[in-house]
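K.L.:
The following block contains a protein sequence and its predicted model.
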Amino acid sequence: MSIKETLFNTEDKMKKAFDSMNRQFHEVRTGRASPSLVEGLHIDYYGTPTMLKQLAAISAPDAHLIVIQPWDVSAIVEIEKAIIKSNLGVSPSNDGKIIRIAVPQLSKERRQEMAKLAHKMAEDGRVSLRTIRRDAKEAVEKMEKDKIISEDEKFRGVDELQKIVDKYIAKIDEILKVKEKEILEF
């Protein structure tokens, strides 16, 4: 394997780690109703864990209401169970065809808890990027040790690796700043 392939694979892993963290960020409540709060929930649909967005149309007609319209009304009970177990702090209600979730305003204390949770998620994302970087750096150093590449190529590879890490850490910091603003604004 060459340095280029190692860097390409590393960037791909970092992109996946970033995307995963970004999805988690969308599930953090901000006090405003958003379909992204619930669309990633896994529902036990006939014994198969299925994402809610694959089972229903999800909309937020106003800032304090999420409406879920399942394509199969027999899934309503399982959808409600998943929402209750999700730790979103909301209670679903249904009329037999549609599930409505009233999203209450967050208290100041709850907003601060959510901001701390967002910071923890961002730090977990950074840790996962650093773990990926460490593995790639070890692979580059092994290539140099095995005389596949020169010492200069190793240093160039490690520099490129750090640039990739810095790019993704900057992205994490940016979405954290946006999410924190969403959470803390009243």
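P.N.:
Good, I have the coordinates.

K.L.:
surely K137 meets E160?
P.N.:
No: using Cβ atoms under 8 Å, K137 makes no contact with E160, being 10.9 Å away. Every C-beta, even on glycine, is put in place using the N, C-alpha and C of the backbone.

K.L.:
element containing the closest residue to E11 other than its chain neighbours, please.
P.N.:
Distances taken as Cβ to Cβ, 6 or more residues apart in numbering place I164 nearest to E11, at 5.1 Å, with adjacent residues excluded. In the assignment (DSSP states H and E), I164 maps to helix 151-184.

K.L.:
If you count neighbours, what's buried in that helix?
P.N.:
Applying a neighbour-count criterion of 16 or more other Cβ atoms under 10 Å, one finds 154, 157-158, 160-161, 164-165, 168-169, 171-172, 175-176, 179-180, 182-184 buried in helix 151-184.

K.L.:
now the lengthiest helix in the chain, how far from the chain's geometric center?
P.N.:
Criterion DSSP state H: the longest helix present in the chain is helix 108-145. Offset of helix 108-145 from its chain centre (Cα atoms, centre = their mean, to the nearest Å): 13 Å.

K.L.:
which residues sit in contact with N22?
P.N.:
I175 (Cβ atoms under 8 Å, 6 or more residues apart in numbering).

K.L.:
what's the distance between it and M121?
P.N.:
N22 sits 10 Å away from M121, going by Cβ to Cβ, to the nearest Å.

K.L.:
Please apply the same query to Q24.
P.N.:
In terms of Cβ to Cβ, Q24 sits 5 Å off from M121.

K.L.:
All set now, cheers.
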